[in-house]
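Peer 1: I would like to see how this sequence folds:
(one chain, ligands or ions: 3)
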Amino acid sequence: MSNPSLLILAGDGIGPEVMTQVNRVIDWIGDKRGLAFDVSEDLVGGAAYDKHGTPLHDDTMAKAMEVDAVLLGAVGGPKYDALDFSVKPERGLLRLRKEMDLYANLRPAQCFDALADFSSLKRDVVAGLDIVIVRELTSGIYFGEPRGIIHEGNERVGINTQRYTESEIDRVARSAFELARRRGNKVCSMEKANVMESGILWREVVQKVHDEDYPDVELSHMYADAGAMQLCRWPKQFDVIVTDNLFGDLLSDAAAMLTGSLGMLPSASLGAPMANGRPKALYEPVHGSAPDIAGQGKANPIACILSFAMALRYSFDQGDEAVRIEKAVEKVLADGLRTADLIGEEGVEPVSTEQMGDAILAALDASL
Ligand code: NAD
Ligand code: IPM
Ligand code: MN
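Peer 2: Ligands and ions are numbered 1, 2, ... in the order given. Have a look, this model is predicted:
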């Protein structure tokens, strides 16, 4: 049998820097655990634009449709700010999500004990935190029509449309309930049913899916603005949060700070099962290309490494190896290693991206 296939799209800014460390972990898993992957690499975002004049070449899109999983670094950066909207780096990522139909974006926010004092919130509030935001990823205001900038009278109008079908809400709700059953069995759905019709429908459909097929899971509803407040006030009240594309984007960046840094948060974007029963999938850190630190060897590679761990769990049935990587990360943090984003008032000397990679590999070796 051939090895499982992985397409790596490192992208822009710190994307390639953190991906270099992930590649080392992939090699380690192949050498030391006998789990070899057929890895291919390609361009996305600004890097693809520079070469092809498009942020995602059709051939790359075709490859992404064929492989068992895609691993993406990050896209974007100031160099591309002036580009036409249609070829901006972010369009490449959005095309991947849309054409692969990756409707369920799992964004776990876990606070490692060693970082509990580093979060901007009090230790009590975040210690032991383990929640997952399930963000709808292929619809809503990101993709709704009509959209655009039009002329009206003597001024311009920017238009985006929030739009959700019942089936789009239904399927992401099922993903959240299924996930909750494997965790704390609790789902909180967030929308703004008080001001948006799409929110009213969202609430109704989530409730119906619950009542018909998941009555054993505890379900609550919250307005997304109140949800943002509760996420900062007492995040441990949550287990799984399910929400739309835009609210999920905002809430997951906020959740990142509960864990200490945006450089810690991995994510899995999952679609419908393929012929082999596994979901179509793309794994990527929640953070972006971090132009302010790109090229300086400062980036925290943990979010991207943990994204590969999620790939092992969700695409390759290698939950034990995923745990091995998560434990290795936990160990280096417990040993006091910190990239610059994880240093506050402590006065600890930061380690580089590569040194963090070295330490994680050493912890992996020690796990054997
Ligand atoms: P960002 O996530 O790139 O950076 C926000 C802040 O967090 C910066 O101060 C950055 O230095 C820090 N940071 C992020 N990741 C880090 C890491 N791994 N280690 C250490 N520090 C880290 O968000 P932004 O600045 O708003 O956006 C920059 C570019 O990235 C934009 O073009 C944006 O569109 C793009 N972006 C891409 C993705 C993606 O590819 N999935 C996600 C978010 C933003
Ligand atoms: C994210 C990013 C993306 C989003 C951008 C880069 C398209 O912010 O993955 O969180 O808005 O979804
Ligand atoms: Mn975002």
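Peer 1: C-alpha only now, for contacts and for neighbours.
Peer 2: Will do.
Peer 1: outside of stretch 5-17, which residues touch it?
Peer 2: Here stretch 5-17 makes contact (Cα atoms under 8 Å, 6 or more residues apart in numbering) with 19, 37-48, 63-64, 67-77, 288-291, 293-295, 297, 299, 301, 353.
Peer 1: restrict those residues to contacts with ligand 1.
Peer 2: Near ligand 1, judged by Cα under 6 Å from any ligand atom, the entries from the contacts of stretch 5-17 are A74, V75, G76, G77, G288, S289, A290, P291, I293, A299, P301.
Peer 1: Name the nearest of those residues relative to C111.
Peer 2: Proximity of the ones next to ligand 1 among the contacts of stretch 5-17 to C111 was ranked by Cα to Cα; the top entry is P301 with 16.3 Å.
Peer 1: got the contact list for that closest one?
Peer 2: By Cα under 8 Å, 6+ apart, P301 lies in contact with E17, V18, M19, Q21, V22, G263, M264, T353, M356, G357.
Peer 1: Check S119 too.
Peer 2: Contacts of S119 (Cα under 8 Å, 6+ apart): V126, M257, L258, T259, G260, S261.
Peer 1: and of these, the nearest to M310?
Peer 2: Once Cα to Cα is applied, the member of the contacts of S119 that ends up nearest M310 is T259, at 17.1 Å.
Peer 1: what's near enough to touch the closest one?
Peer 2: Counting by Cα under 8 Å, 6+ apart, T259 makes contact with A109, Q110, C111, F112, L115, A116, S119, V126, L129, L265.
Peer 1: Quick check: which ranges of the stretch 201-350 of the chain have low pLDDT?
Peer 2: Applying pLDDT under 70 to the stretch 201-350 of the chain flags residues 344-347.
Peer 1: which residue ranges form the strands in it?
Peer 2: According to DSSP state E, counting those that start in this stretch, the stretch 201-350 of the chain carries its strands in the segments 218-223, 240-243, 268-273, 279-283.
Peer 1: just to revisit the earlier point, go ahead and build a ChimeraX selection from the buried members of the contacts of P301.
Peer 2: Below is the selection syntax for ChimeraX that covers the buried ones among the contacts of P301, with 16 or more other Cα atoms under 10 Å defining burial:
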select :17,18,19,21,22,263,264,353,356,357
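Peer 1: No further queries at this time; thank you.
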